[in-house]
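>>> this one's structure only:
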């Protein structure tokens, strides 16, 4: 084989690899993206049923380990898109309710004739934003990518970066740790649009509820004010048939009568 022929073959091989490499990289990225979407959707299904369900949630707010106020809510959710959050305690706020349809959120108050539009990111109590109770659809609200592998408390985890699909969702970005073996959510960090870390969350105390092992305790800690913590306890969870007609402003007004 002549030197000229060998040179041409090396050139053709280099050219082919240069053309093929971007295709291979795109295929690898697409595979990673598919895995990320699958992991987030599976973790969503661990946190809450895919079907309509009802749950009661107690929220205890603590400051430097000292217990502050405690609130209790009833959440009625239909397919992760429609949700009602009813305030049960304190008694002075009983009758107040949130209605979410898609990413539109309103608050209904007994003393106010018209509902008031709210942001999902607005604080509800302690470290808990409206969207933390009213909307728990990470798969629908964020574009996930795999950031790497890690462990939480000795449990191997996939680490994902979740980027908000638009500014209407609760957080601009979430870093999310999900158990590799069974897709249990383990930990999350919530970030503002500026990139500032707002708070961290740990998913704990997994128990059988609504047909699956689910986290029954969520500990949310303020990243800016150390010691400011909200502990959410899911006291029960049941699959229920909740008709579409419940998730309307007209139905909410009837609840207040």
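That came through fine. From a predicted model like this one, the values you see are computed outputs, not experimental measurements.
>>> for the stretch 151-257 of the chain, which spans come out with low pLDDT?
256-257 (pLDDT under 70).
>>> How far does stretch 178-197 sit from its chain's centre?
Taking CA atoms, centre = their mean, to the nearest Å, the mean C-alpha location of stretch 178-197 is offset from the chain mean by 8 Å.
>>> try stretch 200-207
The answer for stretch 200-207 is 13 Å, by CA atoms, centre = their mean.
>>> in the stretch 51-200 of the chain, which spans are helices?
Counting by DSSP state H, counting those that start in this stretch, one finds helices in the stretch 51-200 of the chain at the ranges 130-134, 138-141.
>>> Remind me what the longest one packs against, helices and strands.
For helix 130-134, the packing partners by 3 or more CB pairs under 8 Å, 6 or more residues apart in numbering; DSSP states H and E come out as strand 66-78, strand 82-89, strand 97-101, strand 104-108, strand 123-125. (Each C-beta comes from the backbone N, C-alpha and C, glycine too.)
>>> Name the residues that touch that helix?
57, 73, 75, 83, 85, 98, 100, 105, 118-124, 169-171, 220, 232 (CB atoms under 8 Å, 6 or more residues apart in numbering).
>>> rewinding a little: so which of the helices and strands packed on helix 130-134 is the most surrounded?
strand 97-101 (a mean of 21; mean count of other CB atoms under 10 Å).
>>> which of the helices of the stretch 51-200 of the chain is buried the deepest?
Per stretch, and counting mean count of other CB under 10 Å, the top mean among the helices of the stretch 51-200 of the chain goes to helix 130-134, which has a mean of 23.
>>> what's the average pLDDT for that one?
Helix 130-134 shows a mean pLDDT of 93.
>>> Contact partners for the nearest residue to residue 109 once chain neighbours are set aside?
Excluding the flanking residues, the one nearest residue 109 by CB to CB, 6 or more residues apart in numbering is residue 96, at 5.3 Å. By CB under 8 Å, 6+ apart, the residues touching residue 96 are 86-87, 107-110.
>>> What does the pLDDT read for residue 96?
93.
>>> Next, find the distance separating it from residue 87.
Using CB to CB, to the nearest Å, we find residue 96 at a distance of 4 Å from residue 87.
>>> Right, I'll leave it there.
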